[in-house]
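Chemist: What follows is a predicted structure for the sequence shown.
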Amino acid sequence: MLAIYGGLNLCYSSVVCKIFKMHPITFIHRVTNEKDPYRKRGSEIGDIQLKATSETLSPKMVVDFVAGLLGGAAGVLVGHPFDTVKVHLQTDDPRNPKYKGTFHCFRTILQKDSFRGLYRGISSPMGGIGLVNAIVFGVYGNVQRLSNEPNSLTSHFFAGSIAGVAQGFVCAPMELAKTRLQLANQIDSGIKFTGPIHCLKYIVKTEGIKGAFKGLTATILRDIPGFASYFVSFEYLMRQVETPSVPYTLLAGGCAGISSWLACYPIDVVKTHMQADAMGANAKYNGFIDCAMKGFKNEGPQYFFRGLNSTLIRAFPMNAACFFVVSWVLDFCNAKNGMDSVMHSDQPLTLVNLDNKSKVDLETTVPTVEEVVRKIITDNAMSHQYVSTPQDVVHSHYTSSTINIPKESKARLASDCNLK
Ligand SMILES: NC(=[NH2+])NCCC[C@H](N)C(=O)O
């Protein structure tokens, strides 16, 4: 029996939490007897005295950016081979094709050039997508947490949209360079680019700064629905299960990638055409609407879905990896942060127990104090990212029972958990 469940009162320092805009660490302390208060079960609450802390799992703002950067890198690592195959297929000679299809292309590159072939040219997307993802997850996480109702899907929708706008300023020039490089054979600029930076420098020199931001509006128009649906669908899927497993998190991330592209693909097609278009007098299109209308007139509705398959095939694994790494990094940092603040704080510690876990659950699935503590801090770290206000956390997740942990017990807890 978990002794502390008995007769503990709500003691939630809302003032402190409001000041810090955070919620306190959730903690369960299993008390049995003085000698071994943590490991053995008993019925005695023992001589405990309240110590609560206002220290929290406050993720530093920067953690979101770092998580996004690493998630983006993981996504590129997984997604790049698909991109290589796509580019090989797109540039294959239609009259005398080298490849019979996606899988054949994949195998042929692997046989001829091994893994190096699949990973050729990975450095620029690695840097570029890493940076874009850092902005996306950084802006998204911070906007979502600061919003009035961080827990609602609407706040995820708006935070995603704002992230979409923010990343556009980096994403547009990056994709412009990528498009010009990928289509180097079709767009004859009379110069062979060595890489994206070289390409952008050349664009700025010949077309001015404005030239480097060609397609910015289209990029932002694409990424508002793109990232709104990205985060709303991930969030929605993650809420369908109580404790998402690794495969489930991967699945949710993959589906978020797919839903994101489905929501914005037609705009992406137009964006690509605009960025591939020449500047000035040679330009074929007079703006976004003109480009979309011309495309539609020439090809009909199919125009808006060209290349969708390969985009979706790449989006699933890429975004599965990305979201998985982002969640992992956030959990890790928040949990570590939480542990550190519990252990190093002299401030009062508010201890709250979870009401969505039954006693039986805790007794059977979490056998040691170390696991209890880690589990709860991890849960709390998760909810910090995905739930957020102290009030919400208390009302939706916890019965705010408060217990006392004396200094000595805290030290003991630290040694039990190897936290010194
Ligand atoms: N339309 C978008 N930009 N959607 C977001 C998905 C972003 C992700 N890096 C991908 O390329 O799959």
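Modeler: Sure, I can see it.

Chemist: and the residue of the stretch 101-250 of the chain nearest the ligand?
Modeler: residue 226 (2.9 Å; CB to the nearest ligand atom). All C-beta atoms are positioned from the backbone trio N, CA, C, and that covers glycine.

Chemist: so that residue makes contact with residue 262?
Modeler: No. Using CB atoms under 8 Å, residue 226 is not in contact with residue 262; the gap is 9.7 Å.

Chemist: between these two, who's got more neighbours?
Modeler: Higher neighbour count among residue 226 and residue 262: residue 226, with 26 against 17, using other CB atoms under 10 Å.

Chemist: Next up, identify which helix or strand that one is on.
Modeler: In this assignment (DSSP states H and E), residue 226 forms part of helix 216-238.

Chemist: mean confidence for that helix?
Modeler: Averaged across helix 216-238, pLDDT comes to 96.

Chemist: now do stretch 252-270
Modeler: On average, stretch 252-270 scores 96.

Chemist: What pLDDT is listed against residue 112?
Modeler: Residue 112 is given a pLDDT of 89.

Chemist: how about the residues of the chain near the ligand?
Modeler: Contact residues (CB under 6 Å from any ligand atom) of the chain with the ligand: 75, 129, 222-223, 226-227, 230, 257, 260-261, 264, 315, 318-319.

Chemist: Grab the nearest non-local neighbour of residue 220.
Modeler: Spatial nearest neighbour of residue 220, chain neighbours left out: residue 168 (4.1 Å); criterion: CB to CB, 6 or more residues apart in numbering.

Chemist: Quick check, residue 235 in contact with residue 152.
Modeler: No. Residue 235 is beyond contact range of residue 152, at 9.7 Å (criterion: CB under 8 Å).

Chemist: neighbours around residue 263, how many?
Modeler: Neighbours of residue 263 (other CB under 10 Å): 19.

Chemist: Now do the contacts for the nearest residue to it once chain neighbours are set aside.
Modeler: Leaving aside its sequence neighbours, residue 263 sits nearest to residue 229 (CB to CB, 6+ apart; 4.0 Å). The contact partners of residue 229, by CB atoms under 8 Å, 6 or more residues apart in numbering, come to 160, 256, 259, 260, 262, 263, 264.

Chemist: Now the two most distant members of these.
Modeler: Farthest-apart pair in the contacts of residue 229 is 160 and 262; separation 14.8 Å (CB to CB).

Chemist: rewinding a little: Three-state assignment for the residue nearest to residue 220, please.
Modeler: helix (DSSP: H, G, I helix; E, B strand; the rest coil).

Chemist: Which pLDDT value goes with it?
Modeler: pLDDT, residue 168: 97.

Chemist: dump the residue contacts of it.
Modeler: 216, 219, 220, 223.

Chemist: which pair in the residues you listed spans the largest distance?
Modeler: Using CB to CB, the pair of those lying farthest apart is 216 and 223, separated by 10.6 Å.

Chemist: Among these two, which residue is more densely surrounded?
Modeler: residue 223 (28 against 19).

Chemist: nearest spatial neighbour of the more buried one, skipping sequence neighbours?
Modeler: Closest to residue 223 by CB to CB, 6+ apart is residue 164, at 3.5 Å.

Chemist: So the one you found is in contact with residue 260, correct?
Modeler: No. In this structure residue 164 lies outside contact range of residue 260 using CB under 8 Å: 9.8 Å.

Chemist: which residues of the stretch 201-350 of the chain fall in strands?
Modeler: For the stretch 201-350 of the chain, no strands are identified by DSSP state E, counting those that start in this stretch.

Chemist: Helices of that one, residue ranges please.
Modeler: 216-238, 246-276, 288-299, 308-344 (DSSP state H, counting those that start in this stretch).

Chemist: packing partners for the longest one?
Modeler: Helices and strands touching helix 308-344, by 3 or more CB pairs under 8 Å, 6 or more residues apart in numbering; DSSP states H and E, are helix 61-90, helix 123-146, helix 246-276, helix 369-386, helix 407-416.
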